[in-house]
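[1] Quick one: sequence plus predicted model below, questions after.
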Protein chains: 2
Amino acid sequence: MTTSASADIRDTRARLLDAAEAVFMACGYEGASMRQITGDAGVNLAAGHYHFGSKEALFEAVLNRRLHVLNQERLRVLDGLEAKANGAALKPSQILDAFFGTLLRMAIAHGDRGQTFLRLIGRTFTEPAEFIRTVLSEEFADVLERYKAALFRALPEVPKEEIIWRFHFMLGATSYTIAGTDTLRLVTDWQTGAADDDLECLLPRLMSFLLGGLRAPLPATASPVPQPRGNCRTRRKKP
Amino acid sequence: MTTSASADIRDTRARLLDAAEAVFMACGYEGASMRQITGDAGVNLAAGHYHFGSKEALFEAVLNRRLHVLNQERLRVLDGLEAKANGAALKPSQILDAFFGTLLRMAIAHGDRGQTFLRLIGRTFTEPAEFIRTVLSEEFADVLERYKAALFRALPEVPKEEIIWRFHFMLGATSYTIAGTDTLRLVTDWQTGAADDDLECLLPRLMSFLLGGLRAPLPATASPVPQPRGNCRTRRKKP
DNA sequence: CCAGAATTCAAACGAACGTTTTAATCATAC
DNA sequence: GTATGATTAAAACGTTCGTTTGAATTCTGG
């Protein structure tokens, strides 16, 4: 008798998205089945295809529902920072907080659902399926370009190539940690209670780690001044 | 006519392991099929089950074939370092090089196959399937315990909890990067040529990033002296 | 109230999956 | 050569998958 008035279309769609989010998170894209998703959502099997068209499209919808607002927010925050700095380069800590802090704060603000989506994002970043990588790269293109540029300006003495590498490392540390599929977690006696605590702890810990890595001394092989060409060793021919 | 003398048992098993390694890497565990693996290996479909018993067992064999020698080597290197230091704590850089450097150097030493396995490891660390996490945690239990202890001794002023967190971050940065399923890589104009160069570049870059992160200033919320109990916020009951 | 659209439902489709079975082939030792 | 055990081969097993179908149901606007 729980006020099942109308609200049909939205209800089924939303229930599907929520259930799909959880199942995709728990099983991965290939491991999740439409039957389990629709079953958990309490809707008919065919409803998934009626509302989304295919399993791929459903996954894409799950991803975009939150990724889009996340990345819009990231752009908005960066815009705000750059406007306030008017012309001056931002501090690396500001940039990292705008990128990674926005992610974690949004997840915290959404409670358990936010936690689920956080883990789904982390896991999705290592999904092998082609179309998933396409979706991700399209969704992230603008944001990454903007943040890359901001980091270049913030760290003019660091070669751009090095910054890109370290951006990779930071993305990895973050997505791996939030995915929560952690091998270390299974081995270590991990003294943790509620998940809320974890998330609220995570941000400051992660931020100081990332900042330390981003501003670490350059490795010996990379020359401190940006060389005009040349990879690590300059594209040697086979001797 | 290529000297197909004898070498039958070994041949089929080895071909299966190599093919499985590549297919699991490219498609993930769920996405890979026995038919594609045996097809690529050029052996009959049933050969997979004859030699390994099941798809799970085959995956486990693929993993253990290289993981075991890797982790034995990691233990051996750490033993050597601690013996030479006799009694004194190791430097963090030594520990990280023993753990992550050993991984990358072994991969480099094995050429293309090493690169494939490196990516498979990175990807496996985020596989959702239960039995995979079990395999990983068993295989890594000893190594992680030893390296955790070494880090505790190397950084006595850092709370153990913080070190564990940073170990997570370091594992994440590494496994994500070597998995090579990189979203950033799809977006960024990634000026890279041969994969060999990448791998040889990666170690010094990764090491300085990890070291910078590991030795970063402690976050504000974590008190610098290790508190007797208490998580980030000390296990509050719901108010 | 009723036409017409939107949505749900039960049932089935064909394909692909991991696995098993049974027979054929091969190597090896007597 | 022939028996024996190990390996390979071809075919099929039952299950599950994503997807489709067509009728039943519910909502919507006149």
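    Good, I have the coordinates.
[2] how far away is the residue nearest to residue A:47 when sequence neighbours are not counted from residue A:50?
    Nearest residue to residue A:47, sequence neighbours excluded (CB to CB, 6 or more residues apart in numbering or on different chains): residue A:12, at 5.7 Å. Using the backbone N, CA and C atoms, a C-beta is placed for each residue, glycine as well. Between residue A:12 and residue A:50 the distance is 9 Å, computed by CB to CB, to the nearest Å.
[3] following the host helix or strand of residue A:63, which helix or strand comes up?
    Secondary structure from DSSP states H and E places residue A:63 in helix A:55-84. For helix A:55-84, the following helix or strand on the C-terminal side (DSSP H and E) is helix A:92-96.
[4] Checking the helix or strand that comes right after that following helix against chain B, do any of its residues make contact.
    Where DSSP H and E defines the elements, the next helix or strand beyond helix A:92-96 is helix A:102-109. No: contact of helix A:102-109 with chain B (CB under 8 Å from any CB of the partner chain) is absent, the minimum separation being 12.7 Å.
[5] And the helix or strand just after helix A:102-109, what does it pack against?
    For helix A:102-109, the following helix or strand on the C-terminal side (DSSP H and E) is helix A:111-124. Counting by 3 or more CB pairs under 8 Å, 6 or more residues apart in numbering or on different chains; DSSP states H and E, the packing neighbours recorded for helix A:111-124 are helix A:9-31, helix A:55-84, helix A:102-109, helix A:160-179, helix A:195-214.
[6] Next to DNA strand C in this structure, residues from chain A, please.
    A:8, A:9, A:11, A:12, A:43, A:44, A:45, A:46, A:47, A:50, A:51 (CB under 7 Å from any atom of the strand).
[7] shouldn't the last one be in contact with residue A:14?
    Think residue A:51. No: in terms of CB atoms under 8 Å, residue A:51 does not count as a neighbour of residue A:14; the distance is 10.1 Å.
[8] Okay, domains of chain A per the record?
    Taking automatic domain parsing as the reference, chain A has its domains at A:9-53, A:64-214.
[9] With mean neighbour count and mean pLDDT added, can I get these in a markdown table?
    Below are the domains of chain A laid out as a markdown table (neighbours: other CB atoms under 10 Å in any protein chain shown; pLDDT from 0 to 100):
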| stretch | mean neighbour count | mean pLDDT |
| --- | --- | --- |
| domain A:9-53 | 18 | 95 |
| domain A:64-214 | 19 | 90 |
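[10] Reformat these as CSV; add distance to residue B:206.
    Shown next, in CSV, are the domains of chain A (distance: least, CB to CB, whole Å):
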stretch, distance to residue B:206
domain A:9-53, 26
domain A:64-214, 7
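[11] Ok, which of those comes nearest residue B:213?
    Ranking the domains of chain A by proximity to residue B:213 (CB to CB) places domain A:64-214 first, at 3.7 Å.
[12] ok, so what distance separates the residue nearest the centre of chain A from residue B:126?
    Most central in chain A under CA atoms, centre = their mean is residue A:121, positioned 4.9 Å from the mean C-alpha point. When distance is defined by CB to CB, residue A:121 is 12 Å away from residue B:126.
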